[in-house]
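Chemist: Fold the following and give me the result.
(one chain, ligands or ions: 1)
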Amino acid sequence: MKRKVTKAVFPVAGLGTRFLPATKSIPKEIMTLVDRPLIQYAIDEARAAGIKEFIFVTSRGKGALEDYFDHAPELENSLRKKNKKELLATVKNTNMDSGAIAYIRQHRPLGLGHAVWCARRLIANEPFAVILPDDVIAAEKPCLQQMVEAHAETGGCMVAAMEVPPQKASSYGILDINEDMGSLVSVKGMIEKPEEDVAPSNLAVIGRYILTPKILSNLNQIKQGAGGEIQLTDAIAQEIEAGRDVYGYRFRGQRFDCGSKAGYLQATVSFGLARDELRDEFTQYLDELTTTRRAAQ
Ligand code: UTP
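Modeler: Here you go, the predicted structure:
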């Protein structure tokens, strides 16, 4: 029987240099879309997918992230006294059960693969998910839930895949496809950041993965030989070379790259417009803004 995926790793130890100076004191994952930090979107997605254990790989200066998941009895009492039921429910949704959340330090930013490797003892010998909170995905059915359901049929390793225009291939890991089965593709290779003319497909890997524990032993080996950063894609590529199943999953939804300024701003607009209480005022503002800009041109 295939094992259910109940553990997720959230690598949040990166330096976040694209958001300096903000990230000098605020972890990138605490930056908000409307009123919720990026990490909350990731946690909600994981919960919807049936994840029960949340493993954070953190680094120096990420204290605000740990505080965010603490219970806040004084705040909760005050909201209760004022009968602010909705806000109270929102705050309580951020609480994590004792023992459900673990923090592991990555002492040096040696890459995403190294961050996942740091969590190896907590993951132990079972399939696990990896969620990069900078990739925020708006979807009717949360992306990881779609993947967990597909993975229950396939097993193996699975990466979230998204179609990108050819000129953008050089910003992503691109899949070399063996067989295209619609939402699922079987993968025969992965190329990191290829130029447009050598990209093997238009399917890019984005920040959701379901991985077998074999990935951890691959990372272990890579670690021993690596001088610089340790890439997660290298450990997945080793699985392909060993003849084991690796799939790409074309999720249904819209992905925002909140690790980049433009992507973060686009997400802010999109999530703002999706809120009933903000839509009218915000739409009017955006309409006025575009009209004024057009008139000025
Ligand atoms: P990024 O490539 O976005 O790097 O990492 P970054 O440091 O977060 O941001 P920039 O490029 O300096 O602006 C992708 C994901 O991998 C994690 C990051 O926290 C992010 O979630 N990561 C990356 C680690 O946990 N450790 C690392 O050594 C590198």
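
Chemist: Nearest to the ligand within the chain, name that residue for me.
Modeler: residue 14 (2.4 Å; CB to the nearest ligand atom). Yep, even glycine has a C-beta here, placed from its N, CA and C like the rest.

Chemist: And the contacts of the helix or strand containing residue 290?
Modeler: Here residue 290 sits within helix 276-296, counting by DSSP states H and E. With contacts defined as CB atoms under 8 Å, 6 or more residues apart in numbering, helix 276-296 is touched by 34, 269, 272-273.

Chemist: Show me what the helix or strand bottoming out on mean pLDDT in the chain is packed up against.
Modeler: Scoring the helices and strands of the chain by mean pLDDT, DSSP states H and E places helix 214-225 at the bottom, with a mean of 85. Packing partners of helix 214-225 (3 or more CB pairs under 8 Å, 6 or more residues apart in numbering; DSSP states H and E): helix 112-118, helix 120-123, helix 232-241.

Chemist: still on that earlier bit, most neighbours among the contacts of helix 276-296, please name it.
Modeler: residue 272 (17 neighbours; other CB atoms under 10 Å).

Chemist: And what about that one, helix, strand or coil?
Modeler: Of the three states, residue 272 takes helix under DSSP: H, G, I helix; E, B strand; the rest coil.

Chemist: which non-adjacent residue is nearest residue 112?
Modeler: Once flanking residues are discounted, residue 112 sits nearest to residue 232: 4.7 Å by CB to CB, 6 or more residues apart in numbering.

Chemist: if we can go back for a sec, orientation of the least confident helix or strand of the chain relative to helix 232-241 in degrees?
Modeler: Counting by axes from the mean of the first three to the mean of the last three CA atoms, to 10 degrees, helix 214-225 points 120 degrees away from the direction of helix 232-241.

Chemist: and helix 214-225, does that touch the ligand?
Modeler: No: Helix 214-225 stays clear of the ligand (CB under 6 Å from any ligand atom), getting no nearer than 12.6 Å.

Chemist: And that helix, how far out from the chain middle?
Modeler: Here the centre of helix 214-225 is set off from its chain's centre by 22 Å, with CA atoms, centre = their mean, to the nearest Å.

Chemist: Tell me the buried residues in that helix?
Modeler: Neighbour-count burial for helix 214-225, with 16 or more other CB atoms under 10 Å as criterion, is recorded at 214-216, 218-219, 222.

Chemist: Who are the contact partners of the spatially closest residue to residue 259 that is not a sequence neighbour?
Modeler: When the adjacent residues along the chain are set aside, residue 259 lies closest to residue 134, with 3.5 Å between them (CB to CB, 6+ apart). Applying CB under 8 Å, 6+ apart to residue 134 gives the contacts 28-29, 38, 207, 257-259.

Chemist: pLDDT wise, what is residue 134 at?
Modeler: What the model reports as pLDDT for residue 134 is 96.

Chemist: Got phi/psi on residue 53?
Modeler: phi -120, psi 130 (degrees, to the nearest 10).

Chemist: does it really touch residue 5, like I thought?
Modeler: No: contact status for residue 53 versus residue 5: not in contact, 10.3 Å apart, counting by CB atoms under 8 Å.

Chemist: neighbour-wise, which of these two wins?
Modeler: Using other CB under 10 Å, the more surrounded residue of residue 53 and residue 5 is residue 5, with 23 against 16.

Chemist: For that one, which three-state class applies?
Modeler: Once three-state DSSP is applied, residue 5 turns out coil.

Chemist: begin at 36 from here
Modeler: All set: I'll call the first residue 36, so the last point we hit is now residue 40.

Chemist: Next, work out how far apart it and residue 326 are.
Modeler: 48 Å (CB to CB, to the nearest Å).

Chemist: Pull the number of nearby residues for residue 103.
Modeler: A count of nearby residues for residue 103, using other CB under 10 Å, gives 17.

Chemist: and what of the one 4 residues further on?
Modeler: Applying the criterion other CB under 10 Å, we find 15 residues in the vicinity of residue 107.
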